[in-house]
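Q: below are the sequence and a predicted model for it; my questions follow.
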Amino acid sequence: MNATANPDEDRALVARVLAGETAAFEGLVRRWQTPLVNLAWRFCRDRGRAEELAQEAFLRAFRNLAQWRGEAAFSTWLFALAANLCRTELHRIPATMLSLDEIAEPAESPDPGVALDSGRQEESIRRAVLALPPKYRDAVILYYFHDQDVPSAARTLGVPEGTVKARLFRGRDLLRSKFSRPRAPANDAKLSTAHPREAR
């Protein structure tokens, strides 16, 4: 997500759209397009499809903008809408994925403290995440790869925080069963933690 985004600016843009200035929605698209495409890509690993899903998410957000009550940040509402769209579309037309058993383990380095091919290792971990059962995959993607905390992931998925924590725990167990000595890529170091972090 865009850490520099100002929720008040989003709120002001939404107010302008709802007041009839529909062109102001373009400001919301510019602010959130890249993070939204990135989120969709985490689910489908297909750039073209991710862009289509992001476009559809913005269209649905525009049509349903009055449903945002302002109780949470606009971005939280938008990403929940987008994540639910991705989950629905992947259920309807699944992405091409391997089973966990078909995914190659990351290559070991001769030096235990150094990964020789971090790019290939990171890709193996991401492919393994996509091969998880959907309920674990979705929680892991939102928490580890899209930087949502437990409360945000719970709101996005529409489940209690305890359920998110349980799914993260089970998802990690499944990944550990595939990678006997999993090492998290630099960008995804949270995968090596023992327990989900507490709600911030």
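A: Done, it's in. Numbering: from 1, shown residues only.
Q: when you work out contacts or count neighbours from here on, use the C-alpha atoms and nothing else.
A: OK.
Q: so which bits of stretch 65-80 are buried?
A: Going by neighbour count (16 or more other CA atoms under 10 Å), the buried part of stretch 65-80 is 65, 74-80.
Q: other residues contacting that stretch?
A: 7, 10-11, 14, 18, 32, 36, 57, 61, 152, 155-157 (CA atoms under 8 Å, 6 or more residues apart in numbering).
Q: hmm, try it at 10 Å
A: By CA atoms under 10 Å, 6 or more residues apart in numbering, the list of residues contacting stretch 65-80 from outside reads 1-2, 5-11, 14-15, 17-18, 25, 28, 31-32, 35-36, 39-40, 54, 57-61, 81-82, 85-86, 142, 148, 152-158.
Q: what about that stretch, average pLDDT?
A: Throughout stretch 65-80, pLDDT has a mean value of 88.
Q: show me how far that stretch is from its chain's centre.
A: 17 Å (CA atoms, centre = their mean, to the nearest Å).
Q: need the residues that contact whichever strand or helix holds residue 16.
A: Under the criterion of DSSP states H and E, residue 16 resides in helix 7-18. Under the contact criterion CA under 10 Å, 6+ apart, helix 7-18 has outside partners 19, 21-28, 31-32, 62, 65-66, 68, 70, 72-75.
Q: helix or strand right after that helix?
A: According to DSSP H and E, the helix or strand after helix 7-18 is helix 25-44.
Q: tell me the angle that next one makes with helix 7-18.
A: With axes from the mean of the first three to the mean of the last three CA atoms, to 10 degrees defining the directions, helix 25-44 sits at 110 degrees from helix 7-18.
Q: list the buried ones in helix 25-44?
A: 25, 28-29, 31-33, 35-44.
Q: quick one: least confident helix or strand in this structure?
A: Lowest by mean pLDDT, DSSP states H and E among the helices and strands of the chain is helix 118-130, with a mean of 69.
Q: number of residues surrounding residue 92?
A: 9 (other CA atoms under 10 Å).
Q: please tell me the pLDDT value assigned to it.
A: Looking at residue 92, its pLDDT is 70.
Q: same deal with the one 10 residues further on?
A: The per-residue pLDDT reported for residue 102 equals 46.
Q: what's downstream of the least confident helix or strand of the chain, the next helix or strand?
A: Using DSSP H and E, the helix or strand that follows helix 118-130 in sequence is helix 134-140.
Q: residues in contact with that next one: which ones?
A: Helix 134-140 has contacts (CA under 10 Å, 6+ apart) with 42-43, 83-84, 86-87, 90-91, 128-132, 143, 145-148, 150, 153-154, 156-157, 163-172, 174, 191.
Q: CA-only coordinates of it in CSV, if you can.
A: What follows is helix 134-140, C-alpha atoms only, in CSV (Å, rounded to 0.1, in the frame of the first residue of the first chain):
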residue,chain,number,x,y,z
PRO,A,134,-7.4,-20.6,-1.0
LYS,A,135,-8.3,-19.6,2.6
TYR,A,136,-4.7,-19.9,3.7
ARG,A,137,-3.4,-18.4,0.5
ASP,A,138,-5.5,-15.3,0.8
ALA,A,139,-4.5,-14.6,4.4
VAL,A,140,-0.8,-15.2,3.7
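Q: read off the pLDDT value for residue 164.
A: Note for residue 164: predicted pLDDT of 92.
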